[in-house]
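Trainee: Generate a structure from the sequence data that follows.
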Amino acid sequence: MSWKTTQGRITLLLISFFVILLLVTWIVIRQFISPQIIATETDNIQATVELQSDAIKEQMNRVKAQQRAITEIVARLQSDQIDALLPQLVNQYGDTNVFGGGIWPLPGLRDSARDKFSTFYARDNSGALKVNTVWNQPEADKYWEQPWYKDGMNAPKGECAWAKAYQDAASPQPRTNCAMAIWKEDKVWGVATIDVTLGFFNQLAKNMGQAVEGTVLIVEADGKIVGNGSAAQNIAALANLRDVAIPAAAPLMGLLNKGQKNE
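Mentor: Residues are numbered from 1 along each chain as shown. Next up is the predicted model:
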């Protein structure tokens, strides 16, 4: 077809107009529509994350409220009453992710003749709470010298000091705990703990992952993974973010390191 004819010129004009229209459409999509879609999706994800974060805080606050009740009640109990009532206090919500709980008096305060006189109940394989005397043994470390204990002693009154995830001789299950000071007559008498397993955080991460349609990891400031919302990921208990083979590991560690430097 000759472009010198009227039909040819009209065809060329239409082709040119079509190309210009495509270009303008691409520019509009790129400059206006895509940013709006991205911004909308970002806002939606952020709102969902905030909603799930509130749910996590609610769960953590429930443990804190439980712990406050325990510290208030224990401060008014006799020694033998602590042993009898602690399992019911620990299990008041019936949540098996609450692994156990303990009362850890300072040396000589529960019994002037005994330094190690804690009461600690932990779940056995069937989920029942059983007394565990590991920390009262002569060969055991002094529990009042442990970081979680000191953090609980130094926490504001009525507030949890959450321990970094750990494993110890009391159980093979990785866990953390809310440690809170017990006050008697305006003096610190000891520390109460509620232990929660990593299954507690795994469920929170799973719920959050379903809400945002992605995989969620709950990570401590040092990179330790305490909550894994994807059962498909073969991540060992207490693995560190820097050691796992996921694409986002390196940039996330960078953000965590930057956050620690800014504290």
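
Trainee: quick one, strands of this structure?
Mentor: Counting by DSSP state E, the chain has strands at residues 98-105, 119-123, 129-131, 161-162, 166-168, 171-184, 187-197, 217-219, 225-228.

Trainee: Would you reformat these as JSON lines and include mean neighbour count and mean pLDDT?
Mentor: C-betas here are computed from N, CA, C, even on glycine. Converted to JSON lines, the strands of the chain look like this (neighbours: other Cβ atoms under 10 Å; pLDDT from 0 to 100):
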{"stretch": "strand 98-105", "mean neighbour count": "25", "mean pLDDT": "94"}
{"stretch": "strand 119-123", "mean neighbour count": "22", "mean pLDDT": "93"}
{"stretch": "strand 129-131", "mean neighbour count": "14", "mean pLDDT": "93"}
{"stretch": "strand 161-162", "mean neighbour count": "20", "mean pLDDT": "91"}
{"stretch": "strand 166-168", "mean neighbour count": "14", "mean pLDDT": "72"}
{"stretch": "strand 171-184", "mean neighbour count": "21", "mean pLDDT": "85"}
{"stretch": "strand 187-197", "mean neighbour count": "23", "mean pLDDT": "93"}
{"stretch": "strand 217-219", "mean neighbour count": "21", "mean pLDDT": "69"}
{"stretch": "strand 225-228", "mean neighbour count": "24", "mean pLDDT": "67"}
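
Trainee: For D80, find the nearest of the ones you listed.
Mentor: D80 sits nearest to strand 119-123 of all the strands of the chain, at 10.1 Å, using Cβ to Cβ.

Trainee: That closest one pairs with which strands, parallel or anti?
Mentor: The strands beside strand 119-123 in its sheet (DSSP bridges) come out as strand 98-105 (antiparallel), strand 129-131 (antiparallel).

Trainee: Can I get the strands of the chain in a markdown table including distance to A75?
Mentor: Listed next are the strands of the chain as a markdown table, based on distance: least, Cβ to Cβ, whole Å:
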| stretch | distance to A75 |
| --- | --- |
| strand 98-105 | 10 |
| strand 119-123 | 14 |
| strand 129-131 | 21 |
| strand 161-162 | 18 |
| strand 166-168 | 26 |
| strand 171-184 | 5 |
| strand 187-197 | 7 |
| strand 217-219 | 32 |
| strand 225-228 | 30 |
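
Trainee: mind checking which of these is nearest N240?
Mentor: Comparing those by their distance to N240 (Cβ to Cβ), the top pick is strand 225-228, with 6.9 Å.
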